[in-house]
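# quick one, what's the 3D model for this:
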Amino acid sequence: MASASADPIVGKRYDQQYRPPLSYSNADVKGQDFSGQTLRLAEFTNANLTDADFSNADLSGAAMSASNMTETNLHGANLQQAMVDQVPMVRVNLSDAILTDAMLLRSEFLNVNITGADFTGAILDRYQIRELCKVAQGTNSKTGVETRESLGCPS
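Now for the predicted structure:
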C-alpha cells in the first residue's frame, strides 16, 4: 500500500488540485483553429466564434451560450451536455457532431449541415425540431444513431 505522501494531491490547496475551465467568454476568436482539442467545460459565452474550427474537438460540458456562430465548423465535435442556447447558427457545420443532452433552447439553425448529428436527449424547442427534421439525414459515425431518430422526427 502506497503512503499518503506518495499521492501528488494530498496536502495541496483545492485551486492547485483542479484547474479552472478555459475561458474565452466575451472573446473574439474569429477564425481560430481549435480542431481536435480537448476543451471540456470551456467557456465560450458571448463570444464571436465566426469561422472558428472546432472539428473533432471535445467540447463536452462547454458553455457557448449567446455566442455568434457563423460558418463555424463543429464537424465531429463532442458537445455532450454543452450549453449552446440563444445562439444564432448560420451556415454552421454540425455534421457527425454529438449533441446528446445538450441545451439548445432559443438557438436558431439557419442553413446548417446536421448530416449524421446525434441530438439524443438534447433540449430543443418544438419549432427547432420541426425545422431540423426538414434537413435531418444520416447516421452518426461514433454513436450509430440516426439523426432523424435522435430528433424524434416523424417517419
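# sketch out the low-pLDDT regions of this structure for me.
Residues of the chain meeting the criterion pLDDT under 70: 1-20.
# what about the longest helix in it?
helix 126-133 (DSSP state H).
# does anything pack onto it? Which helices or strands?
If you count contacts as 3 or more CB pairs under 8 Å, 6 or more residues apart in numbering; DSSP states H and E, helix 126-133 packs onto strand 108-110, helix 147-151. The way it works is simple: take the backbone N, C-alpha and C, and place the C-beta from them, glycine included.
# so which of those is the most packed in?
Among these, the stretch with the highest mean neighbour count (mean count of other CB atoms under 10 Å) is helix 147-151, at a mean of 21.
# just checking, what packs against it?
helix 126-133.
# thinking again about what came up before, dump the helices and strands packed on helix 126-133 into a markdown table; add distance to residue 128 as well.
A markdown table is the format used below for the helices and strands packed on helix 126-133 (distance: least, CB to CB, whole Å):
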| stretch | distance to residue 128 |
| --- | --- |
| strand 108-110 | 7 |
| helix 147-151 | 9 |
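# which one of these lies closest to residue 100?
helix 147-151 (7.9 Å; CB to CB).
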